[in-house]
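K.L.:
no sequence on this one, just coordinates:
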């Protein structure tokens, strides 16, 4: 494994993102939705820097399984616990790769009548996009590398690493 982003770099950028969201959404009460499982550390840290009253929820969608490349098939495996009708949403995503998962998720949530949807992604791999998706807040743009750590996994392992590493397994 090779270091890509240190915990200090990640923390600093998330702090900046939280401050930007605070300014952009002043006067609103965002409902932040983490895409399980990978986005949990990101959402937790991001919410600590959003200085607005907010609520949190979780949804699970997947297009990887145990592979290192997206399967292209998106599955919903855990739905939200609360209604999002009329709410201002922030989808907290660990990584936007092909765009298929995020596109599926945004369309699913739009159908439920939120007032607005914004996307905050820790990582983005634009070179892998199969479908264009809007990401309002991006932590880091990276090359086409398979990365682990800080919530990102390979076969459910390595999520607990504090840094983001390039997986060369």
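P.N.:
Everything's here; your move. Just so we're clear, the structure is a prediction, and the values are computed from it rather than from any experiment.
K.L.:
hey, which helix or strand in the protein has the poorest pLDDT?
P.N.:
Of all the helices and strands that make up the chain, the one with the lowest confidence by mean pLDDT, DSSP states H and E is strand 75-78; it has a mean of 88.
K.L.:
ok, it: who's next to it in the sheet?
P.N.:
When pairing is defined by DSSP bridges, strand 75-78 lines up against strand 55-62 (antiparallel).
K.L.:
Mind listing what's buried along the partner strand?
P.N.:
56-59, 61-62 (16 or more other CB atoms under 10 Å). For glycine as for every other residue, the C-beta is placed from the backbone atoms N, C-alpha and C.
K.L.:
Apart from its chain neighbours, what residue comes closest to residue 7?
P.N.:
Distances taken as CB to CB, 6 or more residues apart in numbering put residue 162 closest to residue 7, at 4.1 Å, once the chain neighbours are dropped.
K.L.:
can you count the residues close to that neighbour?
P.N.:
The burial metric for residue 162, expressed as a neighbour count using other CB atoms under 10 Å, is 13.
K.L.:
wait, is it part of a strand?
P.N.:
No - assessed by DSSP: H, G, I helix; E, B strand; the rest coil, residue 162 does not belong to a strand; its assignment is coil.
K.L.:
returning to what we had before: from the buried residues of strand 55-62, which single one is nearest residue 32?
P.N.:
Checking the buried residues of strand 55-62 against residue 32 with CB to CB, the nearest one is residue 56 at 5.0 Å.
K.L.:
any idea which element the residue nearest to the spatial centre of the chain lies in?
P.N.:
For the chain, the residue whose C-alpha lies nearest the mean C-alpha position (CA atoms, centre = their mean) is residue 93; its distance is 0.7 Å. The secondary structure element spanning residue 93 is strand 88-96 (assigned by DSSP states H and E).
K.L.:
re the thing from before, can you redo the buried residues of strand 55-62 as CSV with distance to residue 137 and pLDDT?
P.N.:
Shown next, in CSV, are the buried residues of strand 55-62 (distance: CB to CB, whole Å; pLDDT from 0 to 100):
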residue, distance to residue 137, pLDDT
56, 16, 98
57, 18, 98
58, 19, 97
59, 18, 97
61, 19, 87
62, 22, 70
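K.L.:
CSV please, covering these and showing distance to residue 149.
P.N.:
Conversion of the buried residues of strand 55-62 to CSV gives the following (distance: CB to CB, whole Å):
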residue, distance to residue 149
56, 22
57, 24
58, 20
59, 22
61, 21
62, 19
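K.L.:
Most widely separated two among those residues?
P.N.:
If you compare every pair in the buried residues of strand 55-62 using CB to CB, the most distant one turns out to be 56 and 62, at 20.0 Å.
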